[in-house]
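Asks: Generate a structure from the sequence data that follows.
(chains A and B)
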Amino acid sequence: MSRRTLLIALPLIAALIWIVAFPNVAVIAGSLDGGGMHWVEFMRSPSDREALWTSLWISVASVIASTAIGLPLAFLLQRAEFPGRKVLSAVATLPAALPPLVGVIAFLFLYGESGAITRTVQSLLHLDAAPWALSGPWAIVFVHAYTMYVYVYLFVSAALENYDTSLDDAARGLGHGPIRRFMRITLPLLTPALAGGALLVFMSSLGSFSAPYVFGGGLRVLSTQIINSKLNDAMGVAFVETAVLALSAVAGLLLLRWLEGRRQYTITSKGRAIRTPIRSRGVKLFAIVLSTLVVTILVLPHGMVLLTAFAVDGAWTTQVLPPEYTLDNFRRLLTDPQLLPPIRNTVVMAFIATAANVVVGFVIGYLTVLRKFSGRKLLEILAVLPWTIPPTAIAIGLASTFDSFDPWHGKVLLVGTFWILPLAYFIRGLPLVTSAVQSSLRQMEPSVEDAARGLGASWWLTMKRVVIPAAKPGLIAGAVLAAITAIGEFVATVLLFTLSNRTISVEVLQQLRSQAFGTASAYSVLLILMTFILTLTARWLQGRSEPMIVQ
Amino acid sequence: MGFGDSQQQQAVVTAQDTSSPAALTLDRVTRRFAGQLAVDALSLEINAGELLALVGASGSGKTTTLRMVAGYEAPDAGAIRLDGRDITSLPPEKRGFGMVFQHYALFPHLSVQDNVAFGLEARGVGTSERRKRALQALDNVGLGPKAARQVQALSGGEQQRVAMARAMVIQPRVLLLDEPLSNLDPTLREEMRTELRATLQRAAVTALFVTHDQEDAFAIADRVALLQDGRLLQHGTPEQLYDRPASRAVAEFIGRAALVPADDRGTHARITLGGVSQDAAVTRVGGEAMLPNALAVLRPEALDITQDDSGWPGRVTARRFAGAVMAYSVDVGGVSLEILTSSRSGAVGDAVRVMLQRDPVALVSA
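Replies: Below you'll find the model as predicted:
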């Protein structure tokens, strides 16, 4: 345990306790204010009980729906060869690239009461009214399934890539048919991957705000209840609701982690992953039609937002598609003094948060992987803690901790200032960068650092030539993920923004409320574009980075 | 489980009815990958109860052949027959064969005993009977006490034996083994060779096993088939392949040998090295016709070091102590000969004579 390590680690631990752990304590303490009467209030309130129950079952239904899409899709794309496979696998992860609120408005424009698809079906069937209403719990599950199946798909795909197919061959040779092989061998071995994917879906659904907010139709879920309570200044109840939401998330996390751990096996050998070509003509045709349909469904939301971005505000009423188009929306975004600040705010705040994430995430990754000191575990837990807490809960915690200047109680005034949002984004991005850096550094043989020092390299030279290059792939990946999360952030933003630091997401909602669909979409296109540029930058940087040091 | 499964169990049970060892025939079996011939019109007979080793370098098509016999790959042409019945298009789950995979393919989420019992489950054997027979099979390979363990807690050698027990407990009509010893360390490997041959002989099962290691093949198999580039070069007993190679390729692959030009004179050949000639009785595979460009296959143990003037003159270039014998490399007129002998007299740099000790010498065409 060197003195330098402690000199860096101790202040870092203290700072993280202050901004990550303390707000949660404040929420719990706040919920207990008045001797638990808020808890009694929560439990007596039918609307709160309904919200808890609805939040839970919508999350479970989202997990089931996402698995129902993601699991077969992963099998299809990993195990079968058919015309259109490459296109399908190229767009399979597209929904994850939509910022949360943008996905929601795309669905509104497509499947909402006056959405393009809804109107098309209506006119084809000569109906008087919309064939469906995109409202209520199933609408939320529908939107969740579209955006979140990607998690299940990615986890299962990765597992299938490392799956030893000779296990299936062995079961087959021993006389077992396809159903039994899947149930007895494949599925049990995919359990950890499925649990990992399901966990992400569950956590995201539980914390999801924009889908229930836009499509809920009066439905109560915990995340919307929290905002209502806060707007009504019923902070005691808001604290209880926040605590319940966070506890549900932690319970879900523990349950799925337990499932994941109980079924963790190392598959020793890597089997040959062979894609079986589909030979029958009929099946081939079916595959082509089906993948065309799926590709269309996956690309439609992006396409719709892009199209609407050129629509004249207020002109699209009952037509299938917007009737008039213009370039004016984009021109106004970049010139109108009212419309430009949200863009600048989004970029500046995301940049500040990500830059801080990169520095702090790297230091934490370095300390927790390559240094030994007491408190190492605590530092790691503090860094990944925000991942287990729904963003609404993070925002409520920050709102109640940094609402006044009271240094004796660990409080400084940030609410109502510019800095509260970069802080929220920093906290949300911290687990992403830290864990990415950790996994990169874990691939580095620890003795490499010692070897560099042994060859006479200074501490700084060792950092520059050995440690930072080893951490670089993780740093880039983590930073891009954090930046994408920050620019599209909506849940915490809507609770904490002020007029002077409002972001694109907030503005999209404002424009939507005033029926300015064109302007809202133009903003959304800008968000998608930023996400796209960030992803490309990451690829470019990864491609340029020096070969990694692997044992 | 669905209707399909019970139907399939029936099929497996019928395939099992005649549990005596079966004869396997490969008839001009051909397989292409992306236009490349992986297996080229391969014909082989494996008699009932015989142990045949398929030997070849990597890429020779031996694993593809094994996978076709097992049913995991379909041949592009040719037929595979079991006791005369065409099974070419029968799926693996209906062949009733046992297979030991190269990396064993043990199910990591099942216990040792459940791994072994898994094939019996497909045959509709009841739970208690299944457990009993699996335990019996594990006892046979000395792993009874470890039945309840997780497979990952076993050593490599133990995993190999579980894989054997799993394949044998279903009383397979044919047992297929894919490089079964390649994952074991050298000492264990020697031990397992003897054990494997004993087990297979006791079970009197028809077995086809694939290896790149000729010592494994020689130690275990009754007959050996040598493959190169998807084609069968030669098959026969280990002695036949070693003493009477059919071609230069076989002589180069099997055992160690120096191939030196020889003057084929019918019943004997004259081999001239360093200006000195020695005559030796010869064998040729494929008739009595003399070979115009003959090469003599000189095995290290057929040569000895002497001071006798009738031997080929050479100089010792290397000397390696190998326990029971001494291994010398001797340069004779630019040709390097390897010699295994009990004599320890030569030192590096010594001028020596090399005598041909043993005939007949195999002749192959250059």
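
Asks: distance of A:M37 from B:L181?
Replies: 74 Å (CB to CB, to the nearest Å). Using the backbone N, CA and C atoms, a C-beta is placed for each residue, glycine as well.

Asks: In the chain, where is pLDDT below threshold?
Replies: The chain I'm using is chain A. Where chain A drops to pLDDT under 70, the residues are A:1, A:261-274, A:544-551.

Asks: wrong one, chain B
Replies: Applying pLDDT under 70 to chain B flags the ranges B:1-19.

Asks: ok, back up a step: which one's more surrounded, A:M37 and B:L181?
Replies: The neighbour comparison of A:M37 against B:L181 (other CB atoms under 10 Å in any protein chain shown) goes to B:L181, with 23 against 13.

Asks: wait, what's in contact with that one?
Replies: B:160, B:189, B:192-193, B:196, B:211, B:213, B:216 (CB atoms under 8 Å, 6 or more residues apart in numbering or on different chains).

Asks: Rebuild those residues as CSV, extending it with distance to chain A, neighbour count and secondary structure.
Replies: Below are the contacts of B:L181 laid out as CSV (distance: CB to the nearest CB, whole Å; neighbours: other CB atoms under 10 Å in any protein chain shown; DSSP: H, G, I helix; E, B strand; the rest coil):
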residue, distance to chain A, neighbour count, secondary structure
B:Q160, 13, 26, helix
B:R189, 18, 18, helix
B:M192, 18, 22, helix
B:R193, 22, 20, helix
B:L196, 19, 23, helix
B:T211, 17, 22, strand
B:D213, 19, 15, coil
B:D216, 19, 24, helix
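
Asks: Which pair of those spans the longest distance?
Replies: B:Q160 and B:D213 (14.7 Å; CB to CB).

Asks: Show residues contacting stretch A:32-48.
Replies: Applying CB under 8 Å, 6+ apart, the set of residues contacting stretch A:32-48 is A:31, A:49, A:220, A:225, A:236-237, A:239-241, A:244.

Asks: now do stretch A:488-500
Replies: For stretch A:488-500, contacts defined as CB under 8 Å, 6+ apart pick out A:99-102, A:207, A:209-210, A:223, A:227, A:230, A:341, A:390-392, A:394-396, A:398-399, A:415-418, A:420-421, A:424-425, A:428, A:503, A:505-506, A:509, A:527, A:531.

Asks: Pull out the buried residues from the residues you listed.
Replies: Among those, those classed as buried by 16 or more other CB atoms under 10 Å in any protein chain shown are A:99-102, A:207, A:209-210, A:223, A:227, A:230, A:341, A:390-392, A:394-396, A:398-399, A:415, A:420-421, A:424-425, A:428, A:503, A:505-506, A:509, A:527, A:531.

Asks: and A:D406, what are its bridge partners?
Replies: A:D406 has these beta-bridge partners by DSSP bridges: A:K411.

Asks: Get me the contact residues on the stretch 1-150 of chain A for chain B.
Replies: On the criterion CB under 8 Å from any CB of the partner chain, chain B has no neighbours in the stretch 1-150 of chain A.

Asks: count of residues packed around the residue in the stretch 1-150 of chain A that chain B sits nearest to?
Replies: Proximity to chain B, evaluated over the stretch 1-150 of chain A using CB to the nearest CB, is greatest for A:E81 at 12.8 Å. Counted with other CB under 10 Å, the neighbours of A:E81 add up to 14.
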